[in-house]
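Undergrad: Task: produce atomic coordinates for the following.
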Amino acid sequence: MFNSILDQAFEQYVLDRVDDILSIAGVADVKYRQVMKEAGSVLAKLVEIARELEEQRPELLQLVMKYEAATTMESGLATEIVYREGVRDSCRIRQEVADFMQKQIHYPSNY
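TA: The predicted structure follows:
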């Protein structure tokens, strides 16, 4: 039960932290902001074209919207995966540094 509570808390932490990071990046990171602006512009153009072709291809607008939702979901999941791996990496690196320091204490070099 305790592990379940910790898992839920960690899940929520990851979601909140990823959201915070992306919000900050949207303001502070020029490259990220530019890519997001370009992606929004491309999506707007696709929607415009789909609406113009709606009589000929009524499924096109729905397809564009589904694609946008799928890419947004994929991007969000990829971001979460990368963040989780970063947390794992930091724990592993911290342990490796602690192990190294412990060895240095037990086996000092001759300087």
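Undergrad: From now on I want contacts and neighbour counts done on CA atoms only, so please keep to that.
TA: OK.
Undergrad: and the most centrally placed residue in the chain, what pLDDT?
TA: For the chain, residue 79 is the residue whose C-alpha lies nearest the centre (C-alpha atoms, centre = their mean; 1.5 Å). On pLDDT, residue 79 comes in at 89.
Undergrad: Next: residue 83.
TA: pLDDT at residue 83 comes out at 90.
Undergrad: Now it: phi and psi?
TA: Here is the backbone geometry of residue 83 (degrees, to the nearest 10): phi -60, psi -40.
Undergrad: same question, residue 55
TA: phi -70, psi -40.
Undergrad: and it, how many neighbours does it have?
TA: For residue 55, the count of nearby residues is 10 (other C-alpha atoms under 10 Å).
Undergrad: quick one: it from residue 61, how far?
TA: According to C-alpha to C-alpha, to the nearest Å, residue 55 stands 11 Å off from residue 61.
Undergrad: Tell me how far the helix or strand containing residue 91 lies from the chain's centre.
TA: Using DSSP states H and E, residue 91 sits within helix 59-106. Relative to its parent chain, helix 59-106 has a centroid offset of 7 Å by C-alpha atoms, centre = their mean, to the nearest Å.
Undergrad: Mind giving me the packing neighbours of that helix?
TA: helix 2-28, helix 30-52 (3 or more C-alpha pairs under 8 Å, 6 or more residues apart in numbering; DSSP states H and E).
Undergrad: and the angle for it with helix 30-52?
TA: Orientation of helix 59-106 against helix 30-52 (axes from the mean of the first three to the mean of the last three C-alpha atoms, to 10 degrees) gives an angle of 160 degrees.
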